[in-house]
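1. below is the sequence, then the predicted model.
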Amino acid sequence: MNSQTKRIFAYVFILALGAWRIIFSAPQSADESVAAPQAGFLAPNFILQTTEGKTYALADLRGQAVLVNIWATWCPPCKAEMPAIQKVYEEYAQRGLVVLAVNSAFQDDPAQIAPFREKYQLTFPILLDDAALVSRAYQARSLPSSYFIDRRGVISEVVVGGPMSEALLRARVEEILKP
Amino acid sequence: MIALFQNLFAPPRHIILLVLAVWLGATLAERRAERFGVSKDDLNNFVFYGLFAFVGGGRLAYVLQHLSIFAKSPLSAISVNLDLFDTFGAFAAFAIFLVAYTQKKSIPLWDALDALTPLFALTAVGLGLSNFASGAAFGAPTSAAWGVEQWNAVRHPTQLYDALAALLIFILIWRFKANLPAGVSFLTFVALTSLSQIFLQTYRARPPLFGAWNQSQVFAWLILLVCFFFLESRLSSQTKKN
């Protein structure tokens, strides 16, 4: 048997081994029933109050597309992306987009929120995470952190850091608005 | 230890690992470039302009796929968001650049690919580590002793499997003799990477499906088939010359 024939046997053997592995390795099912702050998982539920005292539970928003944005008034990229979030919110709210701006109140000065809202003319709800419940559940290590959640309540995309551009926001929002 | 690593390179700092791997890979590739008939200057040009082509191509491909969105805010096309990126477009742009550059400089493409192989291999190591730090490309739940806590479950550390496989492939390629036919280093790297993915994808959570099969495994198998075809043609052409 010459060396070329040996090589061809080796190729065929390896390809057959690979094919066997593909055919007999049953794909794992999706983790969509488990809640975790990562694309492909159910978004961890939370219940928080707005600055005006209104209560929001994420689980109640099932059926709508939700953008959860964790931010603080002192964070420069958070400030930079707020106008784009507001603009995209105005554009898509009619189609079912909900924006929940979760303020990291445990590491922010709540007195700064109202002037901040005024300055950027924000109309979406601002929730107060004064006990770091959302920051912990979403393992938010950087500000801002944004979670795009589809109508089934599954996280479609996580964007850590910022500022997000309008195009990025629109592209991701279009994705989560799909039925 | 693992928690310290993940905290240190939490997103967006996980990109540092990838950049370090590219830098180390480029440095090692430069040391070996002349063995493949590629000058150090040409290799550095491959890396420098190639990165531009990769990044620019990835962004351009993304913009082209979302033209109606970028028409509303054209300046977003040059924003610093890393997420506005299409990986397939990036690889296509890099390939086009490499073919055009080697033709212009009359450098055989196989030699250029061989010279760049250490860079590709170490980038694969960096990608695995970067994914581990960010929690991307995570594994399926497991009860294995080496499972790691990630996303509310003990999971296969698939990103570390990927990094380890890439490191072993790099070591193998690095130890290759200098007199191999052109293209063999690169094709061996691609073949072994594809083979490792066929096996390791089994432990990945949420694989994209192609009918009843794992799409990534099927794709890797097809690449393996093409690699063997080219590998044999390179090796048999060498035998004929001898």
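-> Sure thing, it's come through. Residues are numbered from 1 along each chain as shown, chains lettered A, B, ... in the order given.
2. what about residue B:68, how many neighbours?
-> By other CB atoms under 10 Å in any protein chain shown, the residues close to residue B:68 number 8. C-beta: built from backbone N, CA, C; applies to glycine.
3. likewise residue B:216?
-> Residue B:216: 18 surrounding residues under other CB under 10 Å.
4. hang on, it packs against residue B:201?
-> Yes. Between residue B:216 and residue B:201 there is a contact under CB atoms under 8 Å: 4.9 Å.
5. spatially central residue in the chain, please.
-> If you meant another chain, say so; for now it's chain A. Geometric centre of chain A, nearest residue: residue A:147, 1.5 Å, by CA atoms, centre = their mean.
6. hm, I was asking about chain B
-> Geometric middle of chain B (CA atoms, centre = their mean) lands on residue B:124, at 4.8 Å.
7. report the beta-bridge partners for the residue nearest to the centre of chain A.
-> Beta-bridge partners for residue A:147, by DSSP bridges, are residue A:68, residue A:158.
8. over to residue A:56?
-> Under the criterion DSSP bridges, residue A:56 forms beta bridges with residue A:48.
9. from residue B:158, how far off is the closest residue in space to residue B:223 that isn't next to it in sequence?
-> Residue nearest to residue B:223 in three dimensions, not counting chain neighbours: residue B:194, with 4.5 Å by CB to CB, 6 or more residues apart in numbering or on different chains. Distance of residue B:194 to residue B:158, given as CB to CB, to the nearest Å: 16 Å.
10. can you check residue B:46 too?
-> Separation of residue B:46 from residue B:158 (CB to CB) stands at 30 Å.
11. what do you get for residue B:99?
-> For residue B:99, the distance to residue B:158 - CB to CB - is 33 Å.
12. ok, these two, which is more surrounded?
-> More neighbours surround residue B:158 than the other of residue B:99 and residue B:158, with 24 against 12 (other CB under 10 Å).
13. skipping its backbone neighbours, what lies nearest that one in space?
-> That would be residue B:139: by CB to CB, 6+ apart, it lies 3.7 Å from residue B:158.
14. quick one: the helices in chain B?
-> Secondary structure of chain B (DSSP state H): helices at B:2-8, B:15-32, B:40-65, B:67-72, B:87-104, B:109-134, B:158-174, B:184-200, B:215-241.
15. residue of chain A closest to chain B, please.
-> Closest to chain B within chain A is residue A:167: 3.2 Å, counting by CB to the nearest CB.
16. could I get the pLDDT score of that residue?
-> On pLDDT, residue A:167 comes in at 93.
17. make sure it is actually in contact with residue B:77.
-> Yes. Using CB under 8 Å, residue A:167 is in contact with residue B:77, at 7.1 Å.
18. what residues are up against residue B:108?
-> Listed by CB atoms under 8 Å, 6 or more residues apart in numbering or on different chains, the contact partners of residue B:108 are B:37, B:102, B:182.
19. which among the residues you listed end up buried?
-> Those of those that meet the buried threshold are B:102, B:182, by 16 or more other CB atoms under 10 Å in any protein chain shown.
20. give the contact list for residue B:79.
-> A:165, A:167-168.
21. would you mind measuring from it to residue B:65?
-> For residue B:79, the distance to residue B:65 - CB to CB - is 16 Å.
22. one more: residue B:73?
-> Distance from residue B:73 to residue B:65, by CB to CB: 16 Å.
23. who has more neighbours, the two?
-> The neighbour count for residue B:73 versus residue B:65, taken as other CB under 10 Å, is higher for residue B:73 (18 against 12).
24. adding distance to residue B:50 and pLDDT, write the contacts of residue B:108 out as a markdown table.
-> Formatted as a markdown table, the contacts of residue B:108 follow (distance: CB to CB, whole Å; pLDDT from 0 to 100):
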| residue | distance to residue B:50 | pLDDT |
| --- | --- | --- |
| B:37 | 18 | 89 |
| B:102 | 11 | 94 |
| B:182 | 19 | 93 |
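25. which of the contacts of residue B:108 sits closest to chain A?
-> For those, the closest approach to chain A (CB to the nearest CB) belongs to residue B:182, at 17.3 Å.
26. relative to residue B:227, how far out is the closest one?
-> Using CB to CB, we find residue B:182 at a distance of 15 Å from residue B:227.
27. again, but for residue B:167
-> 20 Å.
28. more neighbours: these two, which one.
-> The residue with more neighbours, out of residue B:167 and residue B:227, is residue B:227; 21 against 16, by other CB under 10 Å.
29. dump the residue contacts of the more buried one.
-> B:187, B:190-191, B:194.
30. ok, residue A:158 touching residue A:41?
-> No. Counting by CB under 8 Å, residue A:158 stays clear of residue A:41, with 10.0 Å between them.
31. shared neighbours of these two, anything?
-> Joint contacts of residue A:158 and residue A:41 (CB under 8 Å, 6+ apart) do not exist.
32. what is the rounded mean pLDDT of stretch A:106-126?
-> Throughout stretch A:106-126, pLDDT has a mean value of 94.
33. typo on my end, stretch A:70-84
-> Rounded to a whole number, the mean pLDDT of stretch A:70-84 is 95.
34. that stretch: end-to-end distance?
-> Taking CA to CA, to the nearest Å, stretch A:70-84 runs 15 Å from one end to the other.
35. buried residues in it?
-> Buried residues in stretch A:70-84, counted by 16+ other CB under 10 Å: A:70-73, A:75, A:78-79, A:81-82, A:84.
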